[in-house]
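J.: Give the three-dimensional model of this entry:
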Amino acid sequence: MDFKIDKLDDFTLVQVLKEKLDTHIAPALKSELVLLSGNGENNILLDLSKCNYCDSSGLSAILVANRLCKNADGVFVLAGLQPAVERLISVSQLDSVLNIAPTLDDGMEMMRKSIETE
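T.: Numbers count the residues shown, from 1 in each chain. Next comes the predicted model:
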């Protein structure tokens, strides 16, 4: 299994369990995110704490999740970025577009606060 999905009270937690979010994993992750959105899940927390590499297909999956949540008036939070992935997101100037939390716990707190203010 490449990722784990937990439906919590207010949001869905998606954890990537592989070290690389690349062309081998990103398409399946993207499909899963579309399914979650189609099932009415509009608040998604994506945990990348185990991921130390991400390519353009991984970035695409992240952006799809962000767009799906925004279009459904939900919240998307990205948590646990490792240095290489954080650099890629920063270089791509996506750090100004995405909600990013340093750790999974911080991401959960950010998610709950964002949901409360909706």
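J.: residues in contact with Asn66?
T.: Residues counted as contacts of Asn66 (Cβ atoms under 8 Å, 6 or more residues apart in numbering) are Phe76, Val97, Leu98. From N, CA and C alone the C-beta is placed, and that goes for glycine too.
J.: Considering those residues, which possesses the most neighbours?
T.: Counting neighbours by other Cβ atoms under 10 Å, Phe76 leads the contacts of Asn66 with 25 neighbours.
J.: Quick one: neighbours of the closest residue to that residue other than its chain neighbours, just the number.
T.: Leaving aside its sequence neighbours, Phe76 sits nearest to Cys69 (Cβ to Cβ, 6 or more residues apart in numbering; 3.8 Å). By other Cβ under 10 Å, the residues close to Cys69 number 25.
J.: ok, now Ala101?
T.: 19.
J.: do Ser37 as well
T.: If we define neighbours as other Cβ under 10 Å, then Ser37 has 20 of them.
J.: circling back: out of the contacts of Asn66, which are inside strands?
T.: Under the assignment DSSP state E, the contacts of Asn66 contribute Phe76 to strands.
J.: Hmm, Asn43 and Met111 touching each other?
T.: Yes: between Met111 and Asn43 there is a contact under Cβ atoms under 8 Å: 6.4 Å.
J.: who's more crowded, the two?
T.: For the pair Met111 and Asn43, the greater number of neighbours falls to Met111 (25 against 22), based on other Cβ under 10 Å.
J.: In contact with that one: list those residues for me.
T.: Asp10, Phe11, Asn43, Leu45, Val75, Val77.
J.: sec struct for the fourth one, please.
T.: This means Leu45. Three-state assignment for Leu45 (DSSP: H, G, I helix; E, B strand; the rest coil): strand.
J.: so what's it up against?
T.: So Leu45 contacts Phe11, Thr12, Leu13, Val14, Phe76, Val77, Ala79, Leu104, Gly107, Met108, Met111 (Cβ under 8 Å, 6+ apart).
J.: for the first one, same thing?
T.: Counting by Cβ under 8 Å, 6+ apart, Asp10 makes contact with Asn43, Met111, Arg112, Ile115.
J.: Buried residues of stretch 96-114, list them for me.
T.: Using 16 or more other Cβ atoms under 10 Å as the test for burial, stretch 96-114 gives Leu98, Asn99, Ile100, Ala101, Leu104, Gly107, Met108, Met110, Met111, Arg112, Ser114.
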